[in-house]
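1. Build me a structure from this.
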Amino acid sequence: MKVNSETTRQPRLTVDIIIEYGDGIILIKRKNPPYGWAIPGGFVDYGETVEESAKREAKEETSLDIEKLRQFRVYSDPNRDPRGHTVSIVFTARATGTPKASDDAKELGVFKKDNLPAEIAFDHRKILNDYFQEK
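-> Modelled structure (predicted):
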């Protein structure tokens, strides 16, 4: 069988972590395109579990260690990321300590349902709506 680019293309696996902090959740303002506020997260590295990836991404972008990591939902719309087809396993977690934006995060903020920023990247507004609806 001849393999062509159409048969070898596959979605990339990502994780996003809704970090509950105090009485809100942490969002990061992205340094790189696509710009906007986003749930902390990123691509899963080869050889890494999705749980390890979630902990690593949370630490890299917020400087926080997370606990009580729980899978929330999977989001797989092929158009969810303008850079290409991604599938995200979304987690919830709690964190304490002092958050600090780093790595891909230009800025960091703690938000509640009623004060989410206007410019939210990817499909993260839908994810957050689903999250707050279940709270």
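2. Could you find the closest non-adjacent residue to G22?
-> V110 (6.3 Å; Cβ to Cβ, 6 or more residues apart in numbering). C-beta here means a position set from N, CA and C on the backbone, and glycine is covered the same way.
3. Apologies, that question was intended for Y35.
-> A121 (6.8 Å).
4. Please tell me how far the one you found sits from W37.
-> 7 Å (Cβ to Cβ, to the nearest Å).
5. same thing with T98?
-> T98 is 20 Å from W37, by Cβ to Cβ.
6. quick one: which of those two has more around it?
-> W37 (21 against 7; other Cβ atoms under 10 Å).
7. Which residues does the more buried one form beta bridges with?
-> In this entry, W37 is beta-bridged to K29, I120, by DSSP bridges.
8. How about the contacts made by it?
-> Shown in contact with W37 (Cβ atoms under 8 Å, 6 or more residues apart in numbering): L27, I28, K29, R30, G109, L116, P117, E119, I120, A121, H124.
9. V50 now?
-> L13, V15, V44, I89.
10. Could you list the buried residues of the longest helix seen in the chain?
-> As assigned by DSSP state H, the longest helix anywhere in the chain is helix 50-62. Of all the residues in helix 50-62, those buried under the rule 16 or more other Cβ atoms under 10 Å are V50, S53, A54, K55, E57, A58, K59, E61, T62.
11. Now render these as a markdown table, adding pLDDT.
-> A markdown table is the format used below for these (pLDDT from 0 to 100):
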| residue | pLDDT |
| --- | --- |
| V50 | 98 |
| S53 | 98 |
| A54 | 98 |
| K55 | 97 |
| E57 | 97 |
| A58 | 97 |
| K59 | 96 |
| E61 | 96 |
| T62 | 97 |
